[in-house]
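[1] got a predicted structure plus its sequence, pasted below:
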Amino acid sequence: MRIEQLILENLIYDSQYASLVGVFLKPEYFRAHPEKIVFREIQNHIKEYNKSPSVSSLANIISERDDLNENLFNNCLEILKAYKKKSDDTEWLIHETEKWAKDAAVYNGIVDSIAILEGKDTKKPKDAIPDMLTDALAVSLDTSVGHNYIDDASERWDYYHKREQRYPFGIEMLDKITGGGISPKTLTVFLGGTGSGKTLVKTHLASQYIKQGFDVLYITMEMAQERIAERVDANLLDIDLDQIRLLPRDSFNAKIEKMMNSTRNFGRLVIKEYPTSGAHVGNFRGLLRELKIKKRFTPQIVILDYLNICASNRVKWTSNMNTYVYIKSIAEEIRGFAVECNVPVITSSQLNREGYMSSDPDMSNISESFGLPATADLMLAIVAKEDNGGQLMFKQLKNRYSDPTINSKFMLGMNKNRMRLESISQSQQPVLANGGGDTKKTPDSPFLKQHKDVKTATSDWKI
């Protein structure tokens, strides 16, 4: 018996099977036209009445259609007469149905792609082909209907004790407040005024992540991609920013080679530049597909410079547009992008004028949209003061990893010439307001106990 016949027969006689796959399947998966008609009527009945139709009901529904010729009508009735009973192995049939549906979706995707390439389908551009094939390969039958609190207790315990994947910052205080680094599917936002060091922080993190062996995608809409690469060079090659251009080619190449040899598993960094407000998450998805196909590159971390100058994929900007709605929409789309691609996204946003001048900014100082904090998982304000002797103060505004009132403020050293942050151990942190320098509140995390070789700075503090 053909799998198509088994599927249609069980959609009628097996209510459990019909509830699982009745809405999941698509008419185009059936190649025979009569079977396609029968399935469409079964699916419509399930959607409307929440139960499968009987054979007699289907025959009556099909007989009332006025778009079928006599031959096609008789073929539909012959199909219905062959259906007698449900399968004895529903679990096996569900598995086979999913496999059949996936094969049918891929087949249709390939046929449609060929039609586009040959010019038979002029409504879709060639750029749509990767999306069509990706959607076809993603076809699956998810039988999960939620978490059962009692029955799934054992699985829940396993989840509690599962070692979550983390991407450590390599900076003691940042790793401490996040319990060892950021997680996939999260949005981290650094807030600061113009010239406060937001780009320095992001290029430093990009440099540290590739040194740890992670592949990083850096998307810039504010600065040329060569300028970003120049700042990464200053960090990784340990040379002042204004001296890079003075290096002879041989010396520059030698430094690159030495850097590559110094780390066993060196990650890759791809920097992509877009015009200001000229790209949204749709462009970023397309970029990831291109990188995967052309470069065999799938980033583990995405750094975006920066959120406020992205475009929204859902909301079109107009002169009377509310910036709260627009920026919140962008933030939600970017976090959705992080979840979809299973990566952490690190970005930045602006503090308003009052926040830039303040030594103690809070969420009310976020520029343009208060909707941003509702979306972010970790939000840190950067407070850069001229009298701090090359140091940055960070303040936690939001932290879903731990209590943001513990170590709510802390200091990091900054080497601006080499675009580098300097880690300051907690024992050497100055006593700041709101428990910033309290070393008694939180013990070292397991991650930090294993990484005691983090560089510390011992310069005098000027607060």
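    That came through, no problem.
[2] helix, strand or coil for residue 396?
    strand (DSSP: H, G, I helix; E, B strand; the rest coil).
[3] I figured it hits residue 380, correct?
    Yes. In terms of CB atoms under 8 Å, residue 396 counts as a neighbour of residue 380; the distance is 6.0 Å. The C-beta positions use only the backbone N, C-alpha and C, and glycine is treated the same way.
[4] which helix or strand in this structure has the lowest average pLDDT?
    Among the helices and strands of the chain, helix 446-449 carries the lowest confidence by mean pLDDT, DSSP states H and E, at a mean of 44.
[5] burial count for the nearest residue to residue 230 once chain neighbours are set aside?
    Leaving aside its sequence neighbours, residue 230 sits nearest to residue 244 (CB to CB, 6 or more residues apart in numbering; 6.0 Å). For residue 244, the number of neighbouring residues by other CB atoms under 10 Å comes to 16.
[6] for residue 104, helix, strand, or coil?
    What three-state DSSP gives for residue 104 is helix.
[7] how about it: what's its closest non-neighbour residue?
    Leaving out its chain neighbours, the residue that sits closest to residue 104 by CB to CB, 6+ apart is residue 29, at 3.9 Å.
[8] that neighbour and residue 44: what is the separation?
    Distance, residue 29 to residue 44, by CB to CB, to the nearest Å: 16 Å.
[9] and residue 272, by the same measure?
    Residue 272 sits 46 Å away from residue 44, going by CB to CB.
[10] any regions of the protein where pLDDT drops low?
    Across the chain, the ranges flagged by pLDDT under 70 are 1, 142-145, 319, 356, 368-369, 384-389, 433-463.
[11] change it to 50
    Residue ranges of the chain with pLDDT under 50: 437-463.
[12] domain map for it?
    Domain ranges of the chain: 3-137, 172-449, per automatic domain parsing.
[13] pick the most buried one from those domains.
    Comparing the domains of the chain by mean neighbour count (mean count of other CB atoms under 10 Å), domain 172-449 ranks first with a mean of 18.
[14] as a markdown table, the domains of the chain with distance to residue 161 would be great.
    Converted to a markdown table, the domains of the chain look like this (distance: least, CB to CB, whole Å):
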| stretch | distance to residue 161 |
| --- | --- |
| domain 3-137 | 30 |
| domain 172-449 | 13 |
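[15] out of the ones you listed, which gets nearest to residue 146?
    Evaluated over the domains of the chain, closeness to residue 146 peaks at domain 3-137, with 14.3 Å, by CB to CB.
[16] can you tell me the closest non-neighbouring residue to the spatially most central residue of the chain?
    Among the residues of the chain, residue 338 comes closest to the average C-alpha position under CA atoms, centre = their mean, at 1.5 Å. Counting by CB to CB, 6+ apart, residue 338 lies nearest to residue 345, which is 4.3 Å off, once chain neighbours are set aside.
[17] residue 21 now?
    Among residues not flanking residue 21 along the chain, residue 97 sits closest, at 5.5 Å (CB to CB, 6+ apart).
[18] following element in sequence after the one helix or strand that neighbour maps to, please.
    Residue 97 is part of helix 90-117 when elements are defined by DSSP states H and E. Counting by DSSP H and E, the element after helix 90-117 in chain order, helix or strand, is helix 129-137.
[19] so which elements touch that following helix?
    If you count contacts as 3 or more CB pairs under 8 Å, 6 or more residues apart in numbering; DSSP states H and E, helix 129-137 packs onto helix 90-117.
[20] now the angle between helix 129-137 and the helix it packs on, please.
    170 degrees (axes from the mean of the first three to the mean of the last three CA atoms, to 10 degrees).
[21] how far off centre is helix 90-117?
    27 Å (CA atoms, centre = their mean, to the nearest Å).
[22] kindly report the same for stretch 399-408.
    Computed by CA atoms, centre = their mean, the chain-centroid distance of stretch 399-408 equals 23 Å.
[23] determine how far the last residue of that stretch lies from the first.
    10 Å (CA to CA, to the nearest Å).
[24] which SS state does the closest residue to residue 229 other than its chain neighbours fall under?
    Excluding the flanking residues, the one nearest residue 229 by CB to CB, 6+ apart is residue 271, at 5.7 Å. Of the three states, residue 271 takes strand under three-state DSSP.
[25] host element of residue 232?
    Assigned by DSSP H and E, residue 232 belongs to helix 225-236.
[26] and the contacts of that helix?
    For helix 225-236, contacts defined as CB atoms under 8 Å, 6 or more residues apart in numbering pick out 199-200, 203-204, 206-207, 211, 218, 220, 239-241, 244, 259, 269, 271-273, 305, 417-420.
[27] go with 7 Å
    203-204, 206-207, 218, 220, 240-241, 244, 259, 269, 271-273, 418-420 (CB atoms under 7 Å, 6 or more residues apart in numbering).
[28] check which helices and strands the helix holding residue 97 is in contact with.
    Packing contacts for helix 90-117, counted by 3 or more CB pairs under 7 Å, 6 or more residues apart in numbering; DSSP states H and E, involve helix 3-13, helix 15-21, helix 129-137.
[29] quickly note the distance from residue 79 to residue 104.
    Applying CB to CB to residue 79 and residue 104 gives a distance of 18 Å.
[30] then residue 46?
    Look at residue 46 and residue 104: by CB to CB, they are 19 Å apart.
[31] cool, residue 413 as well?
    60 Å.
[32] which residue is the nearest non-sequential neighbour of residue 355?
    Distances taken as CB to CB, 6+ apart place residue 365 nearest to residue 355, at 2.6 Å, with adjacent residues excluded.
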